[in-house]
Structure formats: C-alpha cells, structure tokens
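Chemist: Any chance you could fold what I've pasted below:
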Amino acid sequence: MSTYDTLLTRTVATLNLHQTDVMQLDDEALRQLVCDGLQTQLRSGENWQIDASEAELSQRVLDDIIGLGPLEGLLRDPQISEIMVNRFDQIYVEQAGCLKSCPVYFRNEAALRQVIDRIVAPLGRRIDASSPMVDARLADGARVNAVIPPLAVAGACLTIRKFSSQRLTMSTLIASGSVSSSLAELLEWGVKLRRNILISGGTGSGKTTLLNILADSVRADERIITIEDAAELKLDHDNLVALEARPANQEGVGAVTIRQLVMNALRMRPDRIVVGECRGGESLDMLQAMNTGHAGSMTTLHANTPRDALSRLETMVLMAGLDLPLHAVRQQIAGAIDWIVQIGRMADGNRRVQSLTEVRGQAGDVMQLAEIICFDENAGEHRWMGELPELLSELDDVSRGQFLQHLQSRDSND
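Modeler: Just a heads-up that it's a prediction; the model follows:
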C-alpha cells in the first residue's frame, strides 16, 4: 500500500463515516470534516512523505471519499470535453478536439469499480456480472458509459462525455463557424414553422448540442415532451416534460423502453416530441407521431450522410418487428421527415454543420433529396446550392424577400 493509501485509510477511519450522513452536509461542512480528519493524521507524529500541500491533500481525500477520485480534477477542467478510462491505470481525455494521454490514474481496479458504482447507484441502475454494461449520467448532465469484465477484457472501462457549463446559442455556433448566418436563420425558421428535423452525425459530432440550440426557437406556448435513454438534453423551455427510459431491475423486470415512452407521450398532449436519439423500433413510433399531428418534432441518429441517415432509419423501423413492407416504411419516412441536418467533427476537432438537406418525397423507390446549404471544404464556408426550401411559401412577402436576398448573397462564415 502506498503512503497516500495509508493516509487515506487512516483519515477515513477517523471520520466515522458510518455515523455521519455525509449527504446531509453542505460542501463547506464536509470539507471541514475531511480537513479535521486529515490534520489529525498529519499531526500524529508519523513522517508522511507526500509531495503535496495540505489543501491539495484535503481535496484529493475529499474526491476519493465522496467524489470520483482522480477524475474530479478532469471534470473540473473546462477545457476537457471527454474522459476515457481504458483501464484503472490508463486515462485519455479529449481537449480542443484532440485525444491525449492523462497522467492521473486510479490506485487499482477496485477503486475504479467503486467510482462506477458511485455513479450508477443513485440513478437506480446497476452494473455487475449479469449486466456488465450501463448508460448513466452525472448530476451536471454529463453522459456516462461503463463496461466491466467479462466484456471489458483488460478491466473496467469508463467514458464520460461532458457538456459545456456555458449555455450555447445559435450566435455561439455562428461565431465558431459551425453554421453560417443564413443557415442559422433558415434553421430557426424551420423550427418555428414546425419542420420535422432529423439531426445526423457521428459520435461526438455535436448532435445533442445542436438539438438543444434548435429547441430554443420553439414558441413558449408550445408543450414539449423529451424522451431519452439517459437524460442529457437541457432545453430552456417552461412547458417541458422530460422522460427517461429505465432498465430492468435485478429480477429482470420493470424495464421501460424508449418505444414505450414515445407511445405514452402521445397521451400527454404534446405539441412537439423530441427523442434524444433513435436507436431501434422506437423510430417507427416517432415517425407516426410526426405524421399524425405532432409536426415540429426532432430527433438524432448516427449516420455519415443524409442518404445514409434515411437508410439507417429504414433499418431501425424494420426493427420494430411489425413486418412492414419496405415501400410502406419509405412512405412513412418521406411523409414524416422534412429536413436532415448533417453535422460532423472536423480533423481539427471543430464541430460543423456540413449540410442542410430537404426530403421531397419519393420517385419510385428512391427518396428525393434536395441539398439546400452545404459546407464547401475548399472555400471554408457554407454555400447555398441553388435549391430553395419549400418553407419559403409560408413566409410573408417581406420576410421571404429579406431571406432570399440574404441567402443568395455570398454566404460566408463571418
């Protein structure tokens, strides 16, 4: 056992945690409790050879007792967007869009497993040999995925995707070059005029962030129901109900799926339904909601291109198990999805909307797509592709004229 481990063990012993409900203490009281216990050990006469100040030791002990151990410092760092624990002694982080090795590590496998349990237990979820994978979230909304042996061969692994504490807006995306001003205006009009929007992209491309921002354009008098596997969306809307799926308990019962929540949401008088991510049979129910009076609904899925997104959506609808003919599935999709917003993470780590594509029905078995705006890699800007979005017919003459003038002018990212 290392010197620090010995100090930690003895400090914990002096705190009488089994007699103290630490969850009832505020941050200052808890910090003082830890400091008192640590000072007792540091002044016990033993020569502790630890290269750290008393304040640093207090924070480290506090993190180990009730926090996430060595991950706490990484969680506090606003420059880090993702934390990847490959095993207890190997941690990587994403910073400014790039992956780099991190010098911190857990003491052993048991310490890592303890942290994973500390994350999932308050959420009523479990992770053990019979259920070795789990999705969860932290109190601040950060997304968590954990996998333990026997699935994780080298030992437990943990992935935490952080979300910015600063609320992003469409202006933020314009300033960063993620969208152009005319694309931002078009997206806002699309939400206000109740277009059904599918956001497509790869892992970590910014789909959830964009979904949050688009929801800001929903009128205040509309009722939104959000449905997620693990609640991550933070919509700034008053008339909002957030639903979260639930896994089965230890007896294998009590699971509530995304699909069940989507069907239940139809009974909750929603104006719009927002599904955090379509992954399976719930896609059919989402399409039916879009086709039956809940226009303006939004969702995300993983795909590399708009065409791939529609193909993947077809596959997921077929996973509903209703043995629907492919032609009927494509009719549902063509009638439900209005826009596909493709977003991606660039080589430099920046996230950017790559294209806005409008779905314009079918010609035989082929879905008709019209690319409205696309990012030109060579020019480094978003360009209008010559196709006019159908929603222009719903704008008044003044707004339509102003937007057309804006759209047809040089559409740069400044």
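Chemist: Only C-alpha atoms from now on, for both contacts and neighbour counts.
Modeler: Will do.
Chemist: Kindly check the end-to-end length of stretch 206-220 for me.
Modeler: Stretch 206-220 has an end-to-end distance of 25 Å (C-alpha to C-alpha, to the nearest Å).
Chemist: which other residues reach it?
Modeler: Defining contact as C-alpha atoms under 8 Å, 6 or more residues apart in numbering, one finds that stretch 206-220 is touched by 168-170, 187-188, 191-192, 199-201, 232-239, 276, 298-300, 343-345, 351.
Chemist: Stretch 382-401 - what's its average pLDDT?
Modeler: On average, the pLDDT along stretch 382-401 is 87.
Chemist: What are the boundaries of the helices in the stretch 151-300 of the chain?
Modeler: Applying DSSP state H, counting those that start in this stretch to the stretch 151-300 of the chain gives helices spanning 170-176, 181-192, 207-215, 258-265, 282-291.
Chemist: got TSV for those helices, with mean neighbour count too?
Modeler: Listed next are the helices of the stretch 151-300 of the chain as TSV, based on neighbours: other C-alpha atoms under 10 Å:
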stretch	mean neighbour count
helix 170-176	17
helix 181-192	20
helix 207-215	21
helix 258-265	19
helix 282-291	22
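Chemist: residues contacting the residue lying closest to M346 once chain neighbours are set aside?
Modeler: Excluding the flanking residues, the one nearest M346 by C-alpha to C-alpha, 6 or more residues apart in numbering is R352, at 7.2 Å. R352 makes contacts with 177-179, 205, 343-346, as judged by C-alpha under 8 Å, 6+ apart.
Chemist: And for R269?
Modeler: Taking C-alpha under 8 Å, 6+ apart, we find R269 in contact with R223.
Chemist: Please tell me how far it sits from C102.
Modeler: On the measure of C-alpha to C-alpha, R269 and C102 end up 48 Å apart.
Chemist: G349 now?
Modeler: 18 Å.
Chemist: Please apply the same query to T169.
Modeler: Separation of T169 from C102 (C-alpha to C-alpha): 31 Å.
Chemist: what does V256 give?
Modeler: 38 Å.
Chemist: wait, L392 sits on G401?
Modeler: No: using C-alpha atoms under 8 Å, L392 makes no contact with G401, being 9.4 Å away.
Chemist: More neighbours: the two, which one.
Modeler: The neighbour count for L392 versus G401, taken as other C-alpha atoms under 10 Å, is higher for L392 (17 against 13).
Chemist: For the more buried one, which non-adjacent residue is closest in space?
Modeler: R400 (6.1 Å).
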